[in-house]
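# no sequence for this one, just the structure:
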């Protein structure tokens, strides 16, 4: 993951020099368990500390709950613990694709797992929820644009409920070129749009799939659709116009996992 750009000043929930602050038991526990994550500092109440195996090499400050509340966004459910961390190392798309092909080849013919490609999905709650679904349905990773996706943050980590630490997140400069690279790697690119004639079940074959989802409200851009091999819709009832992008991602991942 590419680290977010440096800022002069910082907001609640974001430490200086681009270091995210994570809060809550699941995100902090997952960060402490991730060997790729560097935790720089922990603030914790004495009551909450008993539930954690705090590493001896990380500075720990014991504080009261109201003090922790000043380190995170208003009303953030910190559950008595906040951690300042370094952003995860950048992941390259080619490395992810190669690793997935090697892993599939070693698994007695098991096909590579699905990929999720997000076209300018900017809401951190949605991206976090999508990461959680990607972990639940064992997706290979998610791909977003570098400049049109949220940075690592406590909000993303909280919505992901630990999945930020285990699901590869690739940031790319040009999504169309990334989709071409994904196709060259052997993934069938299916763009999800309510205007498609075929349902996702009809579009899914036996090949590895990259599920492409558009932004909240606007949907996929025309150029992104042009770089998909097929377009498909979810068979939702007429009583609902559409699904939230994170819900659509979960349904699509389930369909990919459940195909015969």
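That came through fine. Being a predicted model, the structure only gives us computed values, none of them experimental.

# dump the residue contacts of residue 180.
residue 227 (CB atoms under 8 Å, 6 or more residues apart in numbering). From N, CA and C alone the C-beta is placed, and that goes for glycine too.

# before we move on, what about residue 232?
So residue 232 contacts 190-193, 196, 198-200, 202-204 (CB under 8 Å, 6+ apart).

# That one belongs to a strand, doesn't it?
Yes: the assignment for residue 232, made by DSSP: H, G, I helix; E, B strand; the rest coil, places it in a strand.

# Quick one: distance of the worst-scoring helix or strand of the chain on mean pLDDT to the chain centre.
Within the chain, no helix or strand scores below helix 93-105, which has a mean of 90 by mean pLDDT, DSSP states H and E. Here helix 93-105 shows a centroid-to-chain-centroid distance of 18 Å under the convention CA atoms, centre = their mean, to the nearest Å.

# again, but for stretch 233-242
25 Å.

# Could you give me the buried positions within that stretch?
By neighbour count with 16 or more other CB atoms under 10 Å, stretch 233-242 contains the buried residues 233-234.

# how close does residue 34 sit to residue 146?
22 Å (CB to CB, to the nearest Å).

# for residue 161, same thing?
24 Å.

# Going by distance to residue 117, which of the contacts of residue 232 wins?
Nearest to residue 117, judged by CB to CB, of the contacts of residue 232 is residue 191 at 8.7 Å.

# Isn't residue 54 up against residue 60?
Yes: with contact defined as CB atoms under 8 Å, residue 54 reaches residue 60; the gap is 5.6 Å.

# shared neighbours of the two, anything?
42, 44.

# sorry, back to before: which ones among the contacts of residue 232 map onto strands?
Under the assignment DSSP state E, those contribute 190-192 to strands.

# List buried residues within those residues.
Buried, going by 16+ other CB under 10 Å: 190-192, out of the ones in strands among the contacts of residue 232.

# Any chance of the residues you listed in JSON lines with pLDDT and distance to residue 121 as columns?
Shown next, in JSON lines, are those (pLDDT from 0 to 100; distance: CB to CB, whole Å):
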{"residue": "190", "pLDDT": "98", "distance to residue 121": "16"}
{"residue": "191", "pLDDT": "97", "distance to residue 121": "14"}
{"residue": "192", "pLDDT": "96", "distance to residue 121": "12"}
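
# Could you look up the SS state of the residue positioned nearest the centre of the chain?
With distances taken as CA atoms, centre = their mean, the residue of the chain nearest its centroid is residue 131 (3.5 Å). Following three-state DSSP, residue 131 is assigned to helix.

# Who are the contact partners of it?
142, 156, 159-160, 163-164, 167, 169.

# let's see 6 Å
With contacts defined as CB atoms under 6 Å, 6 or more residues apart in numbering, the neighbours of residue 131 are 160, 163-164, 167.

# go on, residue 220?
Contacts of residue 220 by CB under 6 Å, 6+ apart are 119, 191, 193, 214.

# repeat for residue 187
So residue 187 contacts 115, 208, 210 (CB under 6 Å, 6+ apart).

# got the domain boundaries for this protein?
The record's domain split for the chain, according to automatic domain parsing, is 16-85, 93-258.

# Just say which of the ones you listed is most tucked in.
Most buried of the domains of the chain, by mean neighbour count (mean count of other CB atoms under 10 Å): domain 93-258, with a mean of 19.

# For that one, measure first residue to last.
In domain 93-258, first residue to last residue: 26 Å (CA to CA, to the nearest Å).
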